[in-house]
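**Student:** All I have is the shape, not the residue letters:
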């Protein structure tokens with residue numbers, strides 16, 4: 001039969017183990033949160049650096065950009081002519 005002293009020691013050891021495990025879980029949780037925050041900060045930093053590099057590349061190559069004005073003739077198909085007639089009829093009806 002275990003003595004009362006042994007039971008108290010066992011109970012104290014069990015409580016200490018449980019609080020130790022609780023502290024260990026809290027430490028791992030803190031490490032996980034820190035890891036996630038570091039990951040987010042690194043990703044934001046990389047995104048900002050990438051956008052800055054693109055901006056400086058565009059500024060550097062701005063003198064080589066050529067602008068084109070593309071002009072298309074109006075369509076002369078039957079569908080285009082019908083749409084013009086309908087538009088003219090609608091204008092007359094409104095007036």
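**Tutor:** On my side now, so go ahead. Treat the numbers as computed from the prediction; the structure is a model and nothing was measured.

**Student:** sec struct for residue 80, please.
**Tutor:** What DSSP: H, G, I helix; E, B strand; the rest coil gives for residue 80 is helix.

**Student:** What about it, how many residues nearby?
**Tutor:** 11 (other CB atoms under 10 Å). Every C-beta, even on glycine, is put in place using the N, C-alpha and C of the backbone.

**Student:** pLDDT score assigned to it?
**Tutor:** Looking at residue 80, its pLDDT is 72.

**Student:** Likewise for residue 42?
**Tutor:** So residue 42 comes in at 98 (pLDDT).

**Student:** go on, the one 5 residues further on?
**Tutor:** For residue 47, the pLDDT comes out at 98.

**Student:** any idea how far it lies from residue 54?
**Tutor:** 11 Å (CB to CB, to the nearest Å).

**Student:** Helix, strand, or coil at residue 70?
**Tutor:** Here residue 70 is coil, with the state taken from three-state DSSP.

**Student:** Per-residue pLDDT of it, please?
**Tutor:** pLDDT recorded at residue 70 is 82.

**Student:** Kindly report the same for residue 67.
**Tutor:** Per-residue confidence at residue 67 stands at 84 (pLDDT).

**Student:** Noted, bye for now.
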